[in-house]
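> Here's my sequence, what's the structure:
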Amino acid sequence: MLVLVSDLHLTDERTARNVNPEAFKLFGAEVAATARKRGARETILVLLGDIIDLVRTDYWLRQRLAPDERPWGGKLDPKTGMNSDSKAIERQFLTILQDILGSPTAQQFIITLTELERTCPAFSVRYVGNQDGTVKMYINTGTYLPLITQAEDGESFASSIEMVYVYLYRVDEDLDTKQPGTTSMDIWTGIRRKLYG
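A predicted model of the protein is given here:
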């Protein structure tokens, strides 16, 4: 079973609110129930991007950091577009990440992932992170969220996910114009064929 999740934008809750932690309890219960009902032999949770939001914070203001000491200030590294003092920036982002992971919502998210690992067959989490350049540059997600595997074989896995996007887009067009009788089961059957042959 493939579960796609994106745009959680978990923050340190200083300038933005996270989703209610109860949402992850409901999500976990739904995923586990669906895996049981469908007789899933494997459950893959794919975190597509914008899961951890390292920039919706007042960290730099609270720390009274000068603009040239911030990630997008000072002398910029031409390869990354970020402050060239990468060690200092990494420390800043790790501090923010620790605050994010300490939030009630992130704590419940981690608990939910742990419960899914225990209750779902062959459960794994893949972090594709299409828009999470900052996270990928400065944070080893496996260190801070041990259940999450950053897609080392990302090319093949990301290509599969891309095929799902393309397929969904095509089906969405078909639903609007060509095939009004297409059902959600047709869509998922097509996705399964695209991913597993």
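
> what's the least confident helix or strand in the chain, going by average pLDDT?
The weakest-scoring helix or strand in the chain, judged by mean pLDDT, DSSP states H and E, is helix 154-177 (a mean of 41).

> Retrieve the pLDDT associated with residue 97.
We have a pLDDT of 87 for residue 97.

> What about it, how many residues nearby?
21 (other C-beta atoms under 10 Å). All C-beta atoms are positioned from the backbone trio N, CA, C, and that covers glycine.

> cool, residue 82 as well?
Neighbours of residue 82 under the rule other C-beta under 10 Å: 20.

> In contact with the nearest residue to it once chain neighbours are set aside, which residues are there?
Leaving out its chain neighbours, the residue that sits closest to residue 82 by C-beta to C-beta, 6 or more residues apart in numbering is residue 71, at 5.3 Å. Going by C-beta atoms under 8 Å, 6 or more residues apart in numbering, residue 71 touches 82, 83, 89, 92, 93, 134.

> In helices, which of those fall?
Among the contacts of residue 71, the members falling in helices (DSSP state H) are 89, 92, 93, 134.

> Can you point out the buried residues in the host helix or strand of residue 31?
Element membership for residue 31, per DSSP states H and E: helix 22-38. Using 16 or more other C-beta atoms under 10 Å as the test for burial, helix 22-38 gives 24, 27, 28, 31, 32, 35.

> With stretch 49-56 instead?
Here stretch 49-56 shows 49, 50, 51, 52, 53, 54, 56 as buried, counting by 16+ other C-beta under 10 Å.

> go on, stretch 80-100?
Buried residues in stretch 80-100 (16+ other C-beta under 10 Å): 82, 83, 85, 89, 92, 93, 96, 97, 99, 100.

> Nearest to residue 112 among the residues you listed?
Proximity of these to residue 112 (C-beta to C-beta) peaks at residue 100, which lies at 15.7 Å.

> Would you verify that the closest one is located in a strand?
No - counting by DSSP: H, G, I helix; E, B strand; the rest coil, residue 100 falls outside a strand, being helix.
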